[in-house]
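1. I need the structure of the sequence given here:
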Amino acid sequence: MAMSPAVLKAGLVIVGLCIAGYILGPPLYWHFMEGLAAVSHSSSSYSCPPCTCDCSSQPLLSIPIGLSNISFADCAKRDPEVNEDTEKNFVDLLTEELKLREAQALENQQKADITLLEAKKIASQYQKEADKCSSGMETCEEAREKAEATLEAQKKMTALWELRARQKGWKEGTTKSTAQMQGNVQTV
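-> Residues are numbered from 1 along each chain as shown. Sure, this is the predicted structure:
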């Protein structure tokens, strides 16, 4: 038996509305009730009388005397000494927790300070190395410039001597070098 698409869509819409009502219903209900209470309080000039509780000392369940714990009935009673001790213990616990957190924060701060100091030392060492490198580069650059100037001067001097030699009748390749001549003398 096949269901028609319209019936299926209608069923899905109803399920979706139910889910939305289930999710959004309680918060909307409480907001509505708070608003209603606020309106009724503002419109009425009297306030609520204090609530009176008439709690009987008899427990709701009666347990046979042999099986009951007599101190259980005393648990519901308020004992000022117990309350004072509980408050003191609570204050002591809070104080101890604060001291522990303060000690932890101080320890973390000391670790951070040590790490920062180490980072500054390392940065200083790197800066010194970088300064040395820059100084070395400047020295190398100056030496290179001097070498280039000396080379240029030597080239000019060589060109001048070559020009003078040509003017005196020297031709390239016509004379033997002194090394070649010495080699010939030794072989003889």
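2. which element is G169 on?
-> Under the assignment given by DSSP states H and E, G169 is not contained in any helix or strand.
3. meant to ask about K155, not that
-> K155 belongs to helix 80-167, assigned by DSSP H and E.
4. again, but for L28
-> Going by DSSP H and E, L28 is part of helix 5-43.
5. for K171, what are phi and psi?
-> Main-chain torsions, K171, degrees, to the nearest 10: phi -120, psi 140.
6. so what pLDDT did it get?
-> We have a pLDDT of 84 for K171.
7. now swap in the one 10 residues further on and tell me
-> Model confidence at M181, expressed as pLDDT, equals 54.
8. S45 now?
-> For S45, pLDDT reads 49.
9. residues near K88, how many?
-> 10 (other C-beta atoms under 10 Å). Heads up, the C-betas are built off the backbone N, CA and C, glycines and all.
10. ok, now C133?
-> C133 has 10 nearby residues by other C-beta under 10 Å.
11. before we move on, what about L160?
-> If we define neighbours as other C-beta under 10 Å, then L160 has 10 of them.
12. what's the local residue count around Q109?
-> Q109, neighbours per other C-beta under 10 Å, totals 10.
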